[in-house]
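Enquirer: got a predicted structure plus its sequence, pasted below:
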Amino acid sequence: MVTTVMVYKLEQLSPNDIKAMLDIPIQETRFYREVRQEGEKAAILRLLHKRLGDIPVEAQAKISKLSLAELESLSDTLLEFATVMDLQTWLDKQ
């Protein structure tokens, strides 16, 4: 029941309202970081697919394990990739 109330309440609040309610910036919450990381992963996989075609399952698994900082680095680099092998090489260096 508490979860239902929180989800409904948070859905209606702006980030500033949540910050005021919790007395911390929303960006400092684990929830925010995890949601951002999932969004970053999804965006990177879409861009890689558009750039390189099908991405091997093994590469997708490695990408899913990257930290937010590593995902940001990958997003800065992915436009330089010409082949899936370029992606594999980058992932192997991480």
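Expert: Received the coordinates, thanks. Numbers count the residues shown, from 1 in each chain.
Enquirer: could you pull out the buried residues of the longest helix anywhere in the chain?
Expert: The longest helix of the chain (DSSP state H) is helix 30-52. Residues 37, 40-41, 44, 48, 51-52 are the ones in helix 30-52 that count as buried (16 or more other CB atoms under 10 Å). C-beta coordinates here come from the backbone N, C-alpha and C atoms, glycine included.
Enquirer: packing partners of that helix?
Expert: If contacts are counted by 3 or more CB pairs under 8 Å, 6 or more residues apart in numbering; DSSP states H and E, helix 30-52 sits against helix 57-64, helix 68-77, helix 84-93.
Enquirer: give me the angle between it and helix 68-77.
Expert: Helix 30-52 and helix 68-77 meet at an angle of 30 degrees, taking axes from the mean of the first three to the mean of the last three CA atoms, to 10 degrees as the criterion.
Enquirer: neighbouring contacts of helix 30-52?
Expert: With CB atoms under 8 Å, 6 or more residues apart in numbering as the test, helix 30-52 has contacts from 26-27, 55, 60, 63-64, 66-68, 71-72, 74-75, 78-79, 81, 83-84, 87.
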